[in-house]
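**Student:** Test case, fold it:
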Amino acid sequence: MNRLRRVRDASLGTQLFALQMVIVLLAAGGTAAVWAEHTRDQLDSLHQQRALAIAQSVAALPQVREAFKLEHPESVLQPLALSVQAETGADYVVIANTEQRRYAHPNASLIGEKLSTDGSTVLRTGRSWVGIETGTIGTTLRGKTPIRDEYGEVIGLVSVGVLATTVTGQLFDALPPLIWTALAVLLAGLALAAFITARVRRQTFGLEPREIAALLEQREGVLHGVKEGLIAFDMEGRVTLVNDAARELLGDVGEDLATMPVSERMRDVLGGADPGEDRIVLHGERVLVLNRTPVWVRGRQLGWVVTLRDRTELVRLARELDDTSSATEALRAQAHEFANRMHTVVGLLELGEHEAAIGFITRTTHDTNATDLRERVQDPTLAALLMAKSAEAAERGARLVLSDDSSVPEGALGDPRDAVLVVGNLVANAIDALDGAEGTIEVSVRADADGLHVRVGDSGPGIAPELVEEVFREGFTTKAAHSGPRGLGLALTRQACLRRGGWVRVRNDGGAVFTALLPARAAT
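**Tutor:** This is a model prediction of the structure:
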């Protein structure tokens, strides 16, 4: 029991080596046993046929037939039989009559007695016989054949035999080559087993099965426990590993990159056609950040791993913070401007210039467009956004103008979040297009039965014709240096419009003009 336990607890290499040696021993031993058995059968058959041939030669001798006519046939047959026995190397040559009485035998004292084995079958049928029998001199391989007279009648038989011990000796004489061959096979098996064992150890990094199982369990636990999505591909683009987080982010992953149900942008990032770190991709309602890392083992690339991080909520919070910052800046600018105007009014009053103070207040009231904006855009959320963007544009040296056809009744938008997303992104893009230069941004927002119609034009340089479609791709940006995720605004705008059955387009008309339709509800 202790020995079996030691074998069971041995290392993987030791167990493999022992198992292979057992297999080699069984194979070599089995082959040797089969060979020995087959050789013994061949030797038996060979000696039986040789004994029969000698017997048939003796039975065909004329002097044998003539001797049977004598009163004492043994006087002729005994010397003849001994002579044949000596010449052929047979262990015995026996001649008997039809009554199975011996006329010749190696032991002369047995002449005249009956055969120790039955020869009636040969005498009765007249047919030769070969086989193994045990007689007076031991177990022999023998052949028996009838003796016929000149008329064809059976008058006796000849039995020739070779001792089984003689055949066994011949078999032992043939064993050395077999033994040397078996030893050579064992040595070759030993070397091969050692080679296979060493190779297995290299491929398993010297780890035992229980250690491999523990590593596999740990890997599965880590892969399915991490919050980031993870997908592994081989060099052919086949998916080799997907964790739970990746399935939650992507849904159906598929079997390979070519058939994966994702956008061309994501397929480019996953496959390496769009290399780089922290690549931003839109997938359904999610904003994902992807990183692709090659997998190298022993200096050879086996594939690559892609990690996916969900930044949807972070992007939403960042945009809300950006809107809040814009509103804060607008309020700060308005407070600063209001303080300057109040200081001017107070100064005029202290100087006694009451008429001038009244005129300044009147002009200030007429200059502001807040009242006009609020009358045209009655939805408070959208109106606040436009006021904040107007202040941001003014801070950056531009001027935001609301077109005369703008009209958004209160409650016409329902949930205003998509409207704020579309208008805010288009206006922010127009402000960025001016890049701090003086210019005008014209905004038109109009709500009707079809939904919200948005038009945002700027007096900037416009968009190159080859980039008209490219600007809506996630990750696209014309800014040489930036911080934070860029290239998402227009992509999110298009996504929001398409999700509700609308559209967004761009053309050049003295600058870039973006138009969008955001239906009141999603298309069915």
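**Student:** And for the closest residue to A246 other than its chain neighbours, the neighbour number?
**Tutor:** The spatially closest residue to A246, leaving aside those adjacent along the chain, is G229, at 3.4 Å (Cβ to Cβ, 6 or more residues apart in numbering). All C-beta spots, glycine's among them, are computed from the backbone N, C-alpha and C. Other residues within reach of G229, judged by other Cβ atoms under 10 Å, total 22.
**Student:** partners of G229 in the sheet?
**Tutor:** Counting by DSSP bridges, G229 is bridged to L308.
**Student:** Hmm, it is touching L250, no?
**Tutor:** Yes - counting by Cβ atoms under 8 Å, G229 does reach L250; the two are 7.0 Å apart.
**Student:** Find the residues that touch each one of the two.
**Tutor:** With contacts taken as Cβ atoms under 8 Å, 6 or more residues apart in numbering, the residues that reach both G229 and L250 are L308.
**Student:** could you point out where this structure is predicted with low confidence?
**Tutor:** 1-13, 174-175, 178, 203-209, 211-225, 312-341, 345, 360-371, 474-487, 521-524 (pLDDT under 70).
**Student:** Which segments of it make up each domain?
**Tutor:** Using automatic domain parsing, the domain parsing of the chain gives 13-170, 210-308, 311-368, 369-518.
**Student:** Can I get the ones you listed in TSV including distance to P177?
**Tutor:** Output for the domains of the chain, formatted as TSV (distance: least, Cβ to Cβ, whole Å):
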stretch	distance to P177
domain 13-170	10
domain 210-308	45
domain 311-368	78
domain 369-518	77
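**Student:** Skipping its backbone neighbours, what lies nearest the spatially most central residue of the chain in space?
**Tutor:** Centroid check for the chain by Cα atoms, centre = their mean gives T240 as the closest residue, at 4.3 Å. Distance criterion Cβ to Cβ, 6+ apart; nearest residue to T240, sequence neighbours excluded, is A232 at 4.8 Å.
**Student:** same deal with A516?
**Tutor:** V504 (4.0 Å).
**Student:** follow-up on the earlier one: to L192, which of the domains of the chain lies closest?
**Tutor:** In terms of Cβ to Cβ, the element of the domains of the chain nearest to L192 is domain 13-170, at 7.5 Å.
**Student:** you'd agree Q56 is up against R127?
**Tutor:** No - using Cβ under 8 Å, Q56 makes no contact with R127, being 11.7 Å away.
**Student:** Neighbour count: these two, which is higher?
**Tutor:** Q56 (16 against 10).
**Student:** how long is stretch 461-472 from one end to the other?
**Tutor:** 18 Å (Cα to Cα, to the nearest Å).
**Student:** And the contacts of it?
**Tutor:** Here stretch 461-472 has contacts from 433, 476, 478, 490-491, 493-494, 504, 506-508, 510-512, using Cβ under 8 Å, 6+ apart.
**Student:** Check those and tell me the two furthest apart.
**Tutor:** A491 and G510 (25.3 Å).
**Student:** Output the contacting helices and strands for the longest helix seen in the chain.
**Tutor:** Longest helix in the chain by number of residues (criterion: DSSP state H): helix 12-59. Under the contact criterion of 3 or more Cβ pairs under 8 Å, 6 or more residues apart in numbering; DSSP states H and E, helix 12-59 touches helix 74-88, strand 92-97, strand 129-135, strand 138-148, strand 154-163, helix 164-203.
**Student:** where do the strands sit along the stretch 401-524 of the chain?
**Tutor:** Remark: strands assigned in the stretch 401-524 of the chain by DSSP state E, counting those that start in this stretch are 439-448, 451-458, 503-508, 512-518.
**Student:** May I ask you to confirm that the residue nearest to the centre of the chain belongs to a helix?
**Tutor:** No - with DSSP: H, G, I helix; E, B strand; the rest coil as the criterion, T240 is located in strand rather than a helix.
**Student:** thinking again about what came up before, V76: which of the strands of the stretch 401-524 of the chain is closest?
**Tutor:** The closest of those to V76 is strand 503-508. By Cβ to Cβ, the value is 127.6 Å.
**Student:** Give me the distance from the closest one to the chain's centre.
**Tutor:** Remark: strand 503-508 is offset 44 Å from the chain centroid, using Cα atoms, centre = their mean, to the nearest Å.
**Student:** Next, count neighbours for the nearest residue to S128 once chain neighbours are set aside.
**Tutor:** Leaving aside its sequence neighbours, S128 sits nearest to T145 (Cβ to Cβ, 6+ apart; 4.2 Å). Residues within reach of T145, counting by other Cβ under 10 Å, total 25.
**Student:** can you check A108 too?
**Tutor:** By other Cβ under 10 Å, 12 other residues sit near A108.
**Student:** Check T293 too.
**Tutor:** 11.
**Student:** Please verify my assumption that it contacts V305.
**Tutor:** Yes - counting by Cβ under 8 Å, V305 is a contact partner of T293 at 5.2 Å.
**Student:** Make a markdown table out of the strands of the stretch 401-524 of the chain and add distance to P62.
**Tutor:** Shown next, in a markdown table, are the strands of the stretch 401-524 of the chain (distance: least, Cβ to Cβ, whole Å):
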| stretch | distance to P62 |
| --- | --- |
| strand 439-448 | 136 |
| strand 451-458 | 130 |
| strand 503-508 | 123 |
| strand 512-518 | 127 |
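**Student:** closest one to M342 among those strands?
**Tutor:** Between those, strand 439-448 lies closest to M342; by Cβ to Cβ that is 28.7 Å.
**Student:** circling back to that earlier point, go ahead and confirm the residue nearest to A516 touches R494.
**Tutor:** Yes - between V504 and R494 there is a contact at 5.0 Å, judged by Cβ under 8 Å.
**Student:** Mind jotting down where the helices sit in the stretch 251-400 of the chain?
**Tutor:** 264-271, 312-350, 354-367, 370-376, 380-395 (DSSP state H, counting those that start in this stretch).
**Student:** got the CA positions of the shortest one in CSV?
**Tutor:** So that's helix 370-376. Provided in CSV are the C-alpha atoms of helix 370-376 (Å, rounded to 0.1, in the frame of the first residue of the first chain):
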residue,chain,number,x,y,z
ALA,A,370,-32.0,86.7,-23.0
THR,A,371,-35.7,87.7,-23.2
ASP,A,372,-35.8,87.0,-26.9
LEU,A,373,-34.2,83.6,-26.4
ARG,A,374,-36.6,82.6,-23.6
GLU,A,375,-39.6,83.6,-25.8
ARG,A,376,-38.4,81.5,-28.7
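**Student:** Show me what that helix packs onto, helices and strands only.
**Tutor:** helix 380-395, strand 398-402.
**Student:** Dump the ones you listed to a markdown table, plus mean neighbour count and distance to A28.
**Tutor:** Below are those laid out as a markdown table (neighbours: other Cβ atoms under 10 Å; distance: least, Cβ to Cβ, whole Å):
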| stretch | mean neighbour count | distance to A28 |
| --- | --- | --- |
| helix 380-395 | 20 | 88 |
| strand 398-402 | 19 | 93 |
